[in-house]
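>>> Everything below, folded, please.
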Amino acid sequence: MRRLRVIRRLILFSTAIIGMYSIIVVGRIVCQIRGRSWIGWRNKWVRIWARYTIWITGGRLTVIGNPPKPPFVLVSNHLTYIDIPAFFASVDSVFVSKMEVRSWPILGRIVTGVNTIFVDRTRRSDVVRVNELIAEQIDDQKGLIIFPEGTSTEGAEVLPFKPSLLAFPASQGVPVHYAAISYRTPPGEIPAHISVCWAVNGGPFLTHLMRFSSISSYEIEVRYGAEPVLASDRKVLAEELWTRICQEFVPSVKKESECQSTPL
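As a prediction, this is how the structure comes out:
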C-alpha cells in the first residue's frame, strides 16, 4: 500500500512541477508579447500549484491570523521544502533561498522559475547583491519571504536568526511581518520531524521525498503574527522577530532544549 502511494504521489508531484513550469514559461512569453504584467499570471498559477501540491501529498493547511498583503517583507522559521507551497498557498510572494535549492531535482526548477532570489551563503560578499535584489523585487503585486535561520530544521526549536538579509528592511524603515510554521502527522504515522521536516542531516533530497510521499496525511499550520516589527538596526530587528516567532512556534517534535537567544 505504501509503495503504491509513493509511486502515485511522485508521479503526480513531478507532473505538477512540469505543468506549473510550462504554464509559467508560456504565460511569461504571452504577457511579454501583449505588453502585460506577468506577475499577476504568476501569482494566480503559483497559488493553484501550491494548493494542488499540498492536496496530492496528503496535506491539510491551516492558516491562523491574517497573511500580509503586498508589498511586504515576512520572515519565518524553516522546516522543509513544503514550506514553499505552504506560503505560496496564502500569500503572493517570492523567496530568498540558499543557492543549493537551485540544483534540487524537480522542485529546484519551479522555485527558479518563479523569481526566487538565491544567496550564496559561502560568500559573505553575496549579501550585498542579494539585498539589492530584495529592494527590486518588493512591489504592490508581491512580497518577500526570508528564512533567517539559514537552514531547515527538524522542528524542535527555532534557531538563532542571521541578521544579514534584514539589512534592507532595517535601513529603509520597512516593517517586517512574521510567521511560524509547524507540521504534524496522525497517530501511528511516521512522526512529522522525520517524514515532513527535512533538517541538514536528514539525508539526500530524493530519499526524504520518498519517505515524505509514503505517509498517509499530514497537517501544516501557519501562524501569522498580529503586527509587523520595525527597527533600524538589523541585529535588533532579528532578535525581536526571533522572539516573536518563538512565542508562536509549535514544535513538530518535543525536545528538552528551548529557543536560545540569537547572538548580537
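>>> which ones are touching Glu149?
Neighbouring residues of Glu149 by CB atoms under 8 Å, 6 or more residues apart in numbering: 77-78, 158-162. Every C-beta, even on glycine, is put in place using the N, C-alpha and C of the backbone.
>>> Contacts only, for Trp45.
20, 23-24, 27.
>>> Return the closest of those residues with respect to Phe249.
Closest approach to Phe249 among these (CB to CB): Met20, at 29.7 Å.
>>> What strand or helix carries the closest residue to that closest one other than its chain neighbours?
Nearest residue to Met20 in three dimensions, chain neighbours excluded: Trp49, at 4.2 Å (CB to CB, 6 or more residues apart in numbering). Per DSSP states H and E, Trp49 falls inside helix 39-56.
>>> Just checking: what are the partner strands of the helix or strand following that helix?
Next in sequence after helix 39-56, counting helices and strands by DSSP H and E, comes strand 59-64. The pairing partners recorded for strand 59-64 under DSSP bridges are strand 218-224 (parallel).
>>> residues in contact with Ile54?
60-61, 82, 85-86, 89, 220.
>>> one more time with 6 Å
61, 85 (CB atoms under 6 Å, 6 or more residues apart in numbering).
>>> try the one 3 residues further on
For Thr57, the set of contacting residues under the criterion of CB under 6 Å, 6+ apart consists of Arg9.
>>> cutoff 7 Å now
Neighbouring residues of Thr57 by CB atoms under 7 Å, 6 or more residues apart in numbering: 9, 13, 213.
>>> Give me the contacts around stretch 119-137.
Contacts of stretch 119-137 (CB under 7 Å, 6+ apart): 94, 96, 98-99, 115, 117, 144, 150, 164-165, 167-168.
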